[in-house]
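Visitor: here's a sequence, model it:
(chains A, B, C and D)
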Protein chains: 2
Amino acid sequence: MFYLYRVKTTQNIKIAVDAVVFGYDTSNGLSLLLIRRKFDPYQGSWALPGGFVLDAESLEEAVTRELKEETGVHINYLEQLYTFGSPKRDPRQRIVSVSYFAIVRESAHQEPEATTDASDAAWFNVTELPNLAFDHQTIVNTAIERLRSKVRYNPVGFELLDTKFPFSDLEKLYSSLLDRPVDRRNFKKKIMSLGILDELNEKAPHKGAGRPGRLYRFNRKRYDELVRDGFHFEL
Amino acid sequence: MFYLYRVKTTQNIKIAVDAVVFGYDTSNGLSLLLIRRKFDPYQGSWALPGGFVLDAESLEEAVTRELKEETGVHINYLEQLYTFGSPKRDPRQRIVSVSYFAIVRESAHQEPEATTDASDAAWFNVTELPNLAFDHQTIVNTAIERLRSKVRYNPVGFELLDTKFPFSDLEKLYSSLLDRPVDRRNFKKKIMSLGILDELNEKAPHKGAGRPGRLYRFNRKRYDELVRDGFHFEL
DNA sequence: GCAAAAGTGTTGGGCCTACACCCATGC
DNA sequence: GCATGGGTGTAGGCCCAACACTTTTGC
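Guide: So this is what the prediction gives:
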């Protein structure tokens, strides 16, 4: 099909994407990937990685590209979060930001590269975030809320852990995300009864003292099958 | 503050909002408000109400304005749904649509006005929708999914009913949304134990045969208090 | 051998499910 | 008086929460 007419609106709004990228490790807890802004406004401030959408790319492609350009990290999970569009959120001109929620796995949770696009990129513990540019703190709050509620009925939590992990890591993760102690025996009983974890014949490498734990692996194939059959969990 | 610089991106993308507006009544079930397009593309097709965002208004203001202009109905509940932005979703040029999920209360669920902006506006039963313009069927599917999952842990369901309603209306609503029979006694026990419904000393007006039921009213104040104290329900 | 973390079962109570008969009203 | 829909209670099973001691490892 070929269309002659054009859209008649004159509109002076730009579209950007921003990503709230979570990482986790057992000793430091939940952390977030930020970049330092090279240019005004908010030059030198920390901000979410992101940028303008190119005319020919999808929104997901835009986030993926920006993340690669600005931080170099490998993204493991990505979903759309919310669109922030109040007229005054950017002092230059109106910019609507489609925000995304992303997770980087622990093993890939290494030093981000400082690239040409951002003067710096670094992980921050979510409890010790610096002041953020624009309305990015609001976006971060929305993302944390999403993460906290989502882990209760969806296995996104496993995206935060290494592919193989000792059971206690999972327990610590949930205990920290849900912000309450988790009973070890009850939690293990419940998770194992879901049948979505494979128990491996390997033990965790030692870190400090204590008995090393057996390793487990999330079985996505099995999980997807269960979901197809109407399965639903709730923690 | 006064800024001299401008945004450097040249971007040829427009921003629109679209609304999936739900209505409900006990006899016809769940319905959806559509407009008939006056202009190409998809002239004459049914589509979601919506339109371009003006430079100075927020996204919510844009949806509210468009709904008023195109349908004249009074919106009772509004939340952002999802942002659809694939490059080819509009044949004219790239348009990113921030979609909204809206509810019109049964009592206000009257004939929409045909206004100057749309050649026609009408309610359709969700099970008998016409072919929709653009990717609007995808948006509708997303909205229905959201509604179905949301009623299970959030009192949006009450927004679909009249402010005063007989208990059986609530039961029918849930049974239709959850797409399974609901045990009358168990359902009532559960809902009443939440303490978020006021039992009124009024009986429902007669419609046809049968004993008239007592009327109930959702107590939002009480609900908000409970939520503040960490309350959460699950059906 | 001691410090640190992993592994492991049982019991009581509460909640959820299943289930059927009588009541109020209109015609 | 009959048809239609409203209103009501109980019993069994399942799931969830509470709870503590033993084992393995490093040092």
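Visitor: using CSV, list the CA coordinates for the strand ranked longest in chain A.
Guide: Under DSSP state E, the strand in chain A containing the largest number of residues is strand A:13-25. The C-alpha trace of strand A:13-25 is given here as CSV (Å, rounded to 0.1, in the frame of the first residue of the first chain):
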residue,chain,number,x,y,z
ILE,A,13,7.9,16.4,21.4
LYS,A,14,10.8,13.9,21.2
ILE,A,15,10.8,10.3,22.3
ALA,A,16,13.5,8.8,24.4
VAL,A,17,14.0,5.5,26.2
ASP,A,18,15.6,5.0,29.6
ALA,A,19,16.6,1.8,31.3
VAL,A,20,16.6,0.9,34.9
VAL,A,21,19.2,-1.9,35.0
PHE,A,22,19.3,-4.1,38.0
GLY,A,23,22.2,-6.3,39.2
TYR,A,24,22.5,-8.4,42.3
ASP,A,25,25.0,-10.2,44.2
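Visitor: for the record, mean pLDDT for it?
Guide: If you average the pLDDT over strand A:13-25, you get 96.
Visitor: tell me which strands that strand pairs with, and in which orientation.
Guide: In its sheet, strand A:13-25 lies beside strand A:29-36 (antiparallel), strand A:50-52 (antiparallel), strand A:94-103 (parallel), with partners assigned from DSSP bridges.
Visitor: residues in contact with A:His232?
Guide: Taking C-beta atoms under 8 Å, 6 or more residues apart in numbering or on different chains, we find A:His232 in contact with A:Tyr153. For glycine as for every other residue, the C-beta is placed from the backbone atoms N, C-alpha and C.
Visitor: how much space between the residue in chain A that DNA strand D sits nearest to and A:Asp162?
Guide: The nearest approach of chain A to DNA strand D comes at A:Arg211, 2.8 Å away (C-beta to the nearest atom of the strand). Here the criterion is C-beta to C-beta, to the nearest Å. By it, A:Arg211 lies 19 Å from A:Asp162.
Visitor: these two: who's more crowded?
Guide: A:Asp162 (19 against 7; other C-beta atoms under 10 Å in any protein chain shown).
Visitor: give me the domain ranges for chain A.
Guide: Taking automatic domain parsing as the domain assignment, the ranges for chain A are A:13-150, A:157-228.
Visitor: format these as a markdown table; extra columns: distance to B:Arg148.
Guide: Putting the domains of chain A into a markdown table (distance: least, C-beta to C-beta, whole Å) gives the following:
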| stretch | distance to B:Arg148 |
| --- | --- |
| domain A:13-150 | 17 |
| domain A:157-228 | 15 |
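Visitor: pLDDT weak spots in chain A?
Guide: By pLDDT under 70, the weakly predicted segments of chain A are A:1-7, A:106-110, A:113-119.
Visitor: and it, which of its residues are near DNA strand D?
Guide: Taking C-beta under 7 Å from any atom of the strand as the criterion, the neighbours of DNA strand D within chain A are A:183-186, A:190, A:203, A:206, A:209-212.
Visitor: can you tell me the SS state at A:Glu202?
Guide: Each residue gets one of three states, and A:Glu202 gets strand by DSSP: H, G, I helix; E, B strand; the rest coil.
Visitor: wait, it sits on A:Lys164?
Guide: Yes. Using C-beta atoms under 8 Å, A:Glu202 is in contact with A:Lys164, at 7.0 Å.
Visitor: so what sits against both of the two?
Guide: Shared contacts of A:Glu202 and A:Lys164, counting by C-beta under 8 Å, 6+ apart, come down to A:Leu215.
Visitor: ok, the helix or strand where A:Asn141 lies near chain B or not?
Guide: With secondary structure defined by DSSP states H and E, A:Asn141 is part of helix A:136-150. No. No part of helix A:136-150 sits near chain B under the criterion C-beta under 8 Å from any C-beta of the partner chain; the closest distance found is 9.5 Å.
Visitor: repeat for stretch A:155-162
Guide: No. Figure legend: stretch A:155-162 not in contact with chain B (C-beta under 8 Å from any C-beta); closest approach 15.8 Å.
Visitor: list the buried ones in that stretch?
Guide: Using 16 or more other C-beta atoms under 10 Å in any protein chain shown as the test for burial, stretch A:155-162 gives A:155-162.
Visitor: kindly report the same for stretch A:193-205.
Guide: Of the residues in stretch A:193-205, those buried by neighbour count under the rule 16+ other C-beta under 10 Å are A:196-197, A:204.
Visitor: save the residues you listed as JSON lines, and put in distance to B:Arg65 too.
Guide: Formatted as JSON lines, the entries for the buried residues of stretch A:193-205 read as follows, by distance: C-beta to C-beta, whole Å:
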{"residue": "A:Ile196", "distance to B:Arg65": "46"}
{"residue": "A:Leu197", "distance to B:Arg65": "50"}
{"residue": "A:Ala204", "distance to B:Arg65": "58"}
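Visitor: tell me how many other residues surround the closest residue to DNA strand C within chain A.
Guide: Nearest to DNA strand C in chain A, going by C-beta to the nearest atom of the strand, is A:Gly210, at a distance of 2.2 Å. Counted by other C-beta under 10 Å, the residues lying close to A:Gly210 total 8.
Visitor: one more: the one 10 residues further on?
Guide: Around A:Arg220 sit 11 other residues, with neighbours defined as other C-beta under 10 Å.
Visitor: please apply the same query to A:Lys38.
Guide: Applying other C-beta under 10 Å, we find 12 other residues in the vicinity of A:Lys38.
Visitor: same thing with the one 5 residues further on?
Guide: For A:Gln43, the tally of surrounding residues (other C-beta under 10 Å) stands at 11.
Visitor: got the contact list for A:Phe22?
Guide: A:30-33, A:101-104, A:143, A:147, A:160.
Visitor: one more time with 10 Å
Guide: For A:Phe22, the contacting residues are A:30-33, A:76-77, A:101-104, A:109, A:123, A:126, A:140, A:143-144, A:147, A:156, A:159-160, taking C-beta atoms under 10 Å, 6 or more residues apart in numbering or on different chains as the criterion.
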